[in-house]
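*Asks:* let's see this in three dimensions:
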Amino acid sequence: MTIGISNNSLVTMTGIGFIDTLPANMVVASPTGLTNTCGGGVAFPTAGSSLELAGGTLAAQTQCTVSVNVTASVVGVYTNTTGPVSSSQGNGTAATATLNVLGPPFITKQFFPTNIPLGGTSLLTISIVTGNPTPGLTGVGLIDNLPAGLVVATPNNLTNNCGGTVTATAGSNAITLTGGALGPTTVCNFSLNVTGTTVGTKTNTTGAVTSDQGTGNTATASVSVGLLTPPTISKVFGAASIPVNGTTSLTFTITNPNAATSISGVGFTDTLPAGLVVATPSGAAGTCSTAAQGVVTAVAGSGSVSMATANLQPNQSCSLSVNVKSTQLGVLVNTTGTVTSLEAGPGNTATASITVLANLIPTLSPAALGGFALLLAGLGAVLARKAQTPVN
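*Replies:* Numbering: from 1, shown residues only. Next up, the predicted model:
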């Protein structure tokens, strides 16, 4: 910071002085870098938050300066107005100047989900923040080398609104950003998928984020690979056998076997065997349809039942029941698809069987019933006559 004093008179001025109280969060730096061509003495009272000149001398029609280094601890625009300059020959005016104090970029990072199966993917998101009121940040750069057992996924599904160029080659462990730019007081993000190739907890720390406005922090996040047990599924029919066109229930039970970790995105599809369809009405019900917004699909007359996006707490189970109808004879074997989740990957399948029998109770028309009644009446008459015939 340089304060200039001019003597525009025709006489030498003596006893020149001023007091400059710096704005809040600004102080004289160390080292001060002081230079003074005004003579007298310069002091920095109140822990360097002010600057004072006393006893200066300035010849007629000349100028002098006092310069000192200042530093600020908070990003912002600092406006500094001195007190009026004084001398033994009279007082002058104050002076004002503005300093824009810029901060370096600040970054954070996160994985989602934070647990994935071996070979599964997680979305890595790096956020860059600037608190600078004006300008923002230019020349933003970053290098992030992934730890062993974690690589850029194929495809990487890269998105970037930080400007510049993000390089993230599928199968590699290096991610770089160059030439990024942010406007004033802005947050930007770039995201990509990564794949776990070995079991374990992978802790990832970036290099320091850089910019034309300075070097910022590093960011750390972790993702666990293959450490969770997959969900399980079981199923049972409400009856061991039913007649053709009969109905019974089909009940699924899905369980999160992990004692300390929730799992999300839990789902399965069950394609019913030929001869079995969802009944009308389907009667679909159970706790899976409300397990943190799990979505159940069981369309009457269709040949499949499915569940998606359910969330299960540690050691939690949910159930789903639906009515099914038989359409042909035989032993019908029904095996679900694999139950899956985002964090723990695929689990097991479930199998159940039901026997569809012929309907053994005949259905008679009114005419047939009438004929049968006449037959019974005739038989009764014959029996009556035999009963009246004497036995020799």
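
*Asks:* measure the residue nearest to residue 356 when sequence neighbours are not counted to residue 304 for me?
*Replies:* Computed as C-beta to C-beta, 6 or more residues apart in numbering, the closest residue to residue 356 that is not its neighbour in sequence is residue 326, at 4.2 Å. Where C-beta positions appear, they are placed from N, C-alpha and C, glycine not excepted. Distance, residue 326 to residue 304, using C-beta to C-beta, to the nearest Å: 16 Å.

*Asks:* same check, this time on residue 162
*Replies:* For residue 162 relative to residue 304 (C-beta to C-beta), the value is 43 Å.

*Asks:* what's the answer for residue 31, then?
*Replies:* In terms of C-beta to C-beta, residue 31 sits 77 Å off from residue 304.

*Asks:* repeat that for residue 136.
*Replies:* From residue 136 to residue 304 the distance is 52 Å (C-beta to C-beta).

*Asks:* look at these two and report which has more neighbours.
*Replies:* residue 136 (20 against 14; other C-beta atoms under 10 Å).

*Asks:* give the contact list for the residue nearest to residue 356.
*Replies:* 242, 243, 244, 245, 246, 247, 275, 276, 332, 354, 356 (C-beta atoms under 8 Å, 6 or more residues apart in numbering).

*Asks:* how does the protein divide into domains?
*Replies:* The record's domain parsing of the chain by automatic domain parsing lists 2-101, 106-225, 232-357.

*Asks:* span of the last one from start to end?
*Replies:* Think domain 232-357. In domain 232-357, first residue to last residue: 31 Å (C-alpha to C-alpha, to the nearest Å).

*Asks:* and the pLDDT at the closest residue to residue 206 other than its chain neighbours?
*Replies:* Using C-beta to C-beta, 6+ apart and skipping residues adjacent in sequence, the residue nearest residue 206 is residue 144, 4.3 Å away. Per-residue confidence at residue 144 stands at 98 (pLDDT).

*Asks:* repeat for residue 379
*Replies:* At residue 379, pLDDT is 62.

*Asks:* picking up where we left off before, residue 317: which of the contacts of residue 326 is nearest?
*Replies:* Residue 317 has its nearest neighbour among the contacts of residue 326 in residue 354, at 23.0 Å by C-beta to C-beta.

*Asks:* what sits opposite residue 7 in the beta ladder?
*Replies:* residue 62 (DSSP bridges).

*Asks:* so what's it up against?
*Replies:* 13, 58, 59, 60, 61, 62, 63.

*Asks:* filter those down to the buried ones.
*Replies:* Neighbour counting over the contacts of residue 7 (16 or more other C-beta atoms under 10 Å) leaves 13, 58 as the buried ones.

*Asks:* any chance of JSON lines for the contacts of residue 7, columns distance to residue 148 and pLDDT?
*Replies:* Shown next, in JSON lines, are the contacts of residue 7 (distance: C-beta to C-beta, whole Å; pLDDT from 0 to 100):
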{"residue": "13", "distance to residue 148": "72", "pLDDT": "96"}
{"residue": "58", "distance to residue 148": "69", "pLDDT": "97"}
{"residue": "59", "distance to residue 148": "72", "pLDDT": "96"}
{"residue": "60", "distance to residue 148": "76", "pLDDT": "96"}
{"residue": "61", "distance to residue 148": "73", "pLDDT": "96"}
{"residue": "62", "distance to residue 148": "69", "pLDDT": "97"}
{"residue": "63", "distance to residue 148": "65", "pLDDT": "97"}
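
*Asks:* next up, the contacts around the closest residue to residue 8 other than its chain neighbours.
*Replies:* Once flanking residues are discounted, residue 8 sits nearest to residue 61: 6.7 Å by C-beta to C-beta, 6+ apart. Shown in contact with residue 61 (C-beta under 8 Å, 6+ apart): 7, 8, 9, 10.

*Asks:* selection in ChimeraX covering whichever of the residues you listed are buried, please.
*Replies:* Typed into ChimeraX, the line below selects the buried ones among the contacts of residue 61, using 16+ other C-beta under 10 Å:
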select :7
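
*Asks:* which of the contacts of residue 61 sits closest to residue 198?
*Replies:* residue 7 (76.6 Å).

*Asks:* where does residue 289 land in three-state SS?
*Replies:* Following DSSP: H, G, I helix; E, B strand; the rest coil, we place residue 289 in the helix state.

*Asks:* the residue nearest to residue 301 when sequence neighbours are not counted bridge partners, please.
*Replies:* Spatial nearest neighbour of residue 301, chain neighbours left out: residue 277 (5.8 Å); criterion: C-beta to C-beta, 6+ apart. Here residue 277 sits in beta bridges with residue 325, as judged by DSSP bridges.

*Asks:* quick one, what contacts the nearest residue in space to residue 118 that is not next to it in sequence?
*Replies:* Leaving aside its sequence neighbours, residue 118 sits nearest to residue 226 (C-beta to C-beta, 6+ apart; 3.7 Å). With contact taken as C-beta under 8 Å, 6+ apart, residue 226 is in contact with 116, 117, 118, 196, 198, 199, 200.
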